[in-house]
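Enquirer: Fold the following.
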Amino acid sequence: MMDQPTTDTPEFAARIAANQAERLAHLNRTYDFIVCGAGSAGSVLARRLAENPSVQVLWIEAGGSDDRPSVMEPAAWPTNLGSETDWGFMAEPNPELNGRAMPMSMGKVLGGGSSINVMVWARGHRSDWDYFAQESGDASWNYESVLGIYREIENWQGAPDPLRRGSGGPVYVQPAPEPGPAAQAMLHAALEMGIPTYQSPNGAMMEGEGGCAISDVLIRDGKRNSIFRAFAWPYLDRPNLTLLTHTQVNRVILRNGRAVGVEVVRDGFIEWYTAAHEVILSMGAIQTPAVLMRSGIGDEAELKAADIKINHSLPGVGRNLQDHVSFGCIWEYREPIAPRNSGSSATLYWKSEPSIADPDMLFCQVEFPVASPETAARGVPEHGWTMFAGLAHPKSRGRVRLQSNRPLAVPQIDLNTFGHPDDLRAAVACVQLCRDLGNTRAFDHLVTREAMPGPLGPVEMEQYVRDAAVTYWHQTCSAKMGRDEMSVVDASLRVYGIEGLRIADGSIMPRVATGNTMAPCTIIGEKASRYIRATYGL
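Expert: Numbering: from 1, shown residues only. Here you go, the predicted model:
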């Protein structure tokens with residue numbers, strides 16, 4: 001396969017603007033497919049459907065343009081948090097977090113999370129995909145099958161690995177360029193502790209017990225190359241792809257057990273669009289279940305409590321919510337060291353116990369000090385680096401609920417962090433391993449001291465973990481794929497009991513993938529497009 005022609009010129013952007021202006025000036029009321037959401041999965045799906053010129057696609061996104069420094073400049077990603085490109089969700093106060101209400105940022109912009117995240121490309125562990133195949137009953141979700149898709153879509157710029165990496169695909173992936181000294185020290189620290197290192201975190205490292213590596217990132221020519229930019233942007237000049245931004249889906253329109261369209265709010269007005277074939281929800285683990293519930297699809301008791309007519313009982317809608325929770329440990333630099341790339345260039349996955357076969361802990365190195373509002377009171381050094389110690393497979397399960405039947409009402413998020421007691425014990429073990437890594441000889445030349453948490457007793461350490469806990473922004477699993485009574489979609493991502501309705505986003509994961517979720521969501525979009533094209537002979 002050859003590299004795609006360049007589409008980052010002003011001339012191509014002007015062509016897109018002219019085409020989309022023409023599309024908006026002559027909006028249809030019926031399209032073949034309606035894709036709701038322009039995040040990682042939605043961007044893949046919109047492009048794959050639009051590849052067939054005979055297919056008319058309406059693509060709906062609540063946010064706006066990604067052409068802004070906060071998105072395109074890799075180091076500027078923190079400025080998106082709390083801005084107009086962030087949904088700004090807030091989880092309910094949690095007694096297990098000392099009553100804290102955890103912020104839950106999610107992308108509200110073209111590209112979704114892939115436009116405001118740290119740009120880390122993490123494919124997930126072999127065991128994740130094999131578990132998806134087991135839960136769905138479909139072997140095409142297993143690791144070997146998904147590995148083939150990864151090879152097709154990647155344009156890998158690192159050391160050749162033809163068994164696992166691809167070239168010429170739309171996703172330009174490279175090892176973090178010129179990683180900083182803290183990232184390099186992390187690799188040496190891992191070796192010092194007997195943890196193996198690898199050239200990439202997306203090869204053999206994630207087929208076994210884990211290890212440490214320089215992160216793979218979606219940065220091209222010094223700019224973010226989101227999944228939206230990689231997949232969908234090159235197709236927005238085509239007459240069969242219509243993009244509606246600043247438009248929010250309120251509900252799916254159902255008729256006789258079939259999804260026939262969507263009701264949206266655009267410019268303050270309610271509008272309706274119909275789908276000749278299918279509606280696909282790709283709005284993420286908070287908005288997708290909320291739209292389902294507003295459409296009368298969900299747990300009967302929840303729908304009755306919100307005074308919503310029940311169209312189809314699916315008790316799993318909004319349940320099984322999962323996220324990676326992390327705990328920042330900070331060291332003070334001997335002298336200031338400027339962050340490079342996104343400020344995060346090394347990652348580590350490891351096991352909390354030797355007897356475990358697969359990694360259950362996730363570590364992300366950040367080249368500046370980051371504390372929660374509560375732990376910041378302990379004193380944050382002006383210059384330093386942070387290790388985010390995280391639980392790769394938390395046992396706690398949360399829930400998304402409706403607070404009312406009002407259109408576009410913000411859903412209630414019960415994240416339930418530490419709801420399972422094993423997670424608190426694992427968190428303490430995770431922080432201890434983090435401290436051991438950061439206090440190895442490998443970091444002696446860079447740091448003067450461990451700023452936090454430091455050596456604490458058992459009670460004080462639990463208190464620290466409860467105060468330090470923050471989200472990795474990997475909200476998933478709230479409309480899971482499977483075959484039990486709590487499953488929402490089948491192996492082909494079709495919503496149970498409703499014709500013409502699919503879900504393609506992180507909400508369908510039966511469990512949260514090991515590591516950052518952008519790459520698995522890209523695969524989910526690819527899988528959905530293949531199921532749809534096979535169904536309709538596209």
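
Enquirer: okay, Ser342: pLDDT?
Expert: You'll see Ser342 listed with a pLDDT of 89.

Enquirer: can you check Asp128 too?
Expert: You'll see Asp128 listed with a pLDDT of 98.

Enquirer: Got the phi and psi for it?
Expert: phi -60, psi -50 (degrees, to the nearest 10).

Enquirer: ditto for Gly457
Expert: phi -70, psi 170.

Enquirer: So Arg533 sits against Val55, correct?
Expert: No. Contact criterion C-beta atoms under 8 Å: Arg533 and Val55 do not qualify, at 9.2 Å. Backbone N, C-alpha and C define where each C-beta goes, glycine included.

Enquirer: higher neighbour count, the two?
Expert: Val55 (20 against 15; other C-beta atoms under 10 Å).

Enquirer: That one belongs to a helix, doesn't it?
Expert: No. Val55 is assigned coil when assessed by DSSP: H, G, I helix; E, B strand; the rest coil, not a helix.

Enquirer: related to what we said a few turns ago, mutual contacts of Arg533 and Val55, please.
Expert: Taking C-beta atoms under 8 Å, 6 or more residues apart in numbering as the criterion, Arg533 and Val55 both touch Leu49.

Enquirer: Tell me which stretches of the stretch 401-538 of the chain form strands.
Expert: Using DSSP state E, counting those that start in this stretch, the strands of the stretch 401-538 of the chain run over 412-414, 447-452, 469-471, 501-503.

Enquirer: Among the ones you listed, which comes closest to Val428?
Expert: For Val428, the closest of the strands of the stretch 401-538 of the chain is strand 469-471, at 11.6 Å, according to C-beta to C-beta.

Enquirer: ok, which stretches of this protein are helices?
Expert: 10-25, 40-50, 69-72, 113-116, 126-136, 143-153, 181-192, 227, 284-294, 300-305, 421-438, 458-468, 518-536 (DSSP state H).

Enquirer: Identify the single longest strand in this structure, thanks.
Expert: As assigned by DSSP state E, the longest strand anywhere in the chain is strand 269-281.

Enquirer: wait, what's in contact with the closest residue to Asp467 other than its chain neighbours?
Expert: Closest residue to Asp467 apart from its sequence neighbours, by C-beta to C-beta, 6 or more residues apart in numbering: Glu374 at 3.9 Å. By C-beta under 8 Å, 6+ apart, Glu374 lies in contact with 98, 100, 467-468.

Enquirer: Which positions within stretch 473-487 qualify as buried?
Expert: Residues 473-482, 487 are the ones in stretch 473-487 that count as buried (16 or more other C-beta atoms under 10 Å).

Enquirer: and which of those residues is nearest to Gly208?
Expert: Nearest member of the buried residues of stretch 473-487 to Gly208, counting by C-beta to C-beta, is His474, at 22.0 Å.

Enquirer: OK, contacts around the closest one?
Expert: Applying C-beta under 8 Å, 6+ apart, we find His474 in contact with 322-324, 506, 512, 516-517.

Enquirer: and if you look at His383?
Expert: 332-333, 335-337, 369.

Enquirer: For those, work out which two are farthest apart.
Expert: Glu335 and Pro369 (14.3 Å).

Enquirer: Out of those two, name the residue with the larger neighbour count.
Expert: Taking neighbours as other C-beta under 10 Å, Glu335 and Pro369 compare with Pro369 leading, 20 against 7.

Enquirer: Tell me the confidence at the closest residue to that one other than its chain neighbours?
Expert: With C-beta to C-beta, 6+ apart as the criterion, Pro369 has its nearest non-adjacent residue at 4.1 Å, and that residue is Gly384. With respect to pLDDT, Gly384 scores 96.

Enquirer: In this structure Gly384 contacts Thr448, no?
Expert: No. The pair Gly384 and Thr448 fails to qualify as a contact (C-beta under 8 Å) at a distance of 9.1 Å.

Enquirer: Which neighbours do the two have in common?
Expert: Listed as contacting both Gly384 and Thr448 by C-beta under 8 Å, 6+ apart are 332-333.

Enquirer: Comparing these two, which shows the higher neighbour count?
Expert: Neighbour count, other C-beta under 10 Å: between Gly384 and Thr448, Gly384 has more, with 26 against 14.

Enquirer: Quick check: the gap between that one and Gln475.
Expert: Using C-beta to C-beta, to the nearest Å, one gets 28 Å for the distance from Gly384 to Gln475.

Enquirer: Check Leu501 too.
Expert: 21 Å.

Enquirer: Across the sheet, point out what pairs with the residue nearest to Pro369.
Expert: Beta bridges link Gly384 to Glu332, judged by DSSP bridges.

Enquirer: and it, what does it touch?
Expert: Contacts of Gly384 were listed using C-beta under 8 Å, 6+ apart, and they are 330-333, 368-369, 447, 451.

Enquirer: Hmm, Glu450 is touching Arg378, no?
Expert: No. Using C-beta under 8 Å, Glu450 is not in contact with Arg378, being 11.5 Å away.

Enquirer: on that earlier part again, which of the contacts of His383 lies closest to Arg15?
Expert: Closest approach to Arg15 among the contacts of His383 (C-beta to C-beta): Ile337, at 42.6 Å.

Enquirer: Pull the number of nearby residues for that closest one.
Expert: By other C-beta under 10 Å, the residues close to Ile337 number 16.
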